[in-house]
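Colleague: Any chance you could fold what I've pasted below:
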Amino acid sequence: MLLGNNPLFYDYLRSGAWGTAWQAEPFHLAWADRLEGDPREARFWEEPRQGPLVPPVIEDERADDRLAYETAKATISRQPTMFLWASLVRLGRLWSPWPHQTESRAGGALWGVGLFYLVFTGLGLWGIGALGRRVWSPPWVAGLLLAIALSGVHAVYWSNLRMRAPAIPWLALLAAGGAAAAMGGPLGRRIRGASDAAPPAGER
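Modeller: Alright, predicted model coming up:
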């Protein structure tokens, strides 16, 4: 939670540096100094730090984890508008066809992955259209609820393309159904026919 809700990440988002990846090293270096000052205070993250800082008491790993959680909450409470913007950014990164650009991911490889997922997403949406109301009934609704749950979690916690992995099997089935429906073969006709014939949930 702190990785996606700390003053340094918020500053990166505020700068609008979309063409460059966020460099997390300054965050990790600052967090390593948490035994020398309280990271819940805004001035802990300032450079240079002003005035004496009272370090928190960290007795064990649970206390350290609690400190990270409280630090994230303190950052959110000081910058609620940036938290909302960061939440939209995290959702975008979770479901974007394109991986976030880094030094090791650029050029042709980045475009190749992006185009693959663009087609994959398009077929998935076609599959949803072919299923119609059936997407709200078992077993499809389980995947839909999973996607909603992942979105809710990663709107707050750190996110990237890899973190939608639990929903990929469901998305792959949708994409396969969309491809079948687009080709108009027996399977596609079956999918469309089942969608048209599916009765409302209250009439089953």
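Colleague: how many neighbours does P56 have?
Modeller: Applying other Cβ atoms under 10 Å, we find 18 residues neighbouring P56. All C-beta spots, glycine's among them, are computed from the backbone N, C-alpha and C.
Colleague: Checking it next. Helix, strand or coil?
Modeller: Following DSSP: H, G, I helix; E, B strand; the rest coil, the label given to P56 is coil.
Colleague: what about the helices in this structure?
Modeller: Using DSSP state H, the helices assigned to the chain run over residues 7-15, 25-31, 61-78, 80-95, 108-131, 140-154, 168-183, 186-197.
Colleague: Make CSV from these and add mean pLDDT, mean neighbour count and distance to W45 to it.
Modeller: Below are those laid out as CSV (pLDDT from 0 to 100; neighbours: other Cβ atoms under 10 Å; distance: least, Cβ to Cβ, whole Å):
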stretch, mean pLDDT, mean neighbour count, distance to W45
helix 7-15, 94, 17, 4
helix 25-31, 94, 14, 6
helix 61-78, 96, 15, 8
helix 80-95, 95, 16, 13
helix 108-131, 88, 16, 31
helix 140-154, 95, 15, 23
helix 168-183, 90, 18, 36
helix 186-197, 55, 14, 53
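Colleague: Of the ones you listed, which is nearest L53?
Modeller: When these are compared by Cβ to Cβ, helix 25-31 sits nearest L53, at 11.8 Å.
Colleague: what does the closest one rub up against?
Modeller: 2-3, 6, 8-9, 39, 44-45, 68 (Cβ atoms under 8 Å, 6 or more residues apart in numbering).
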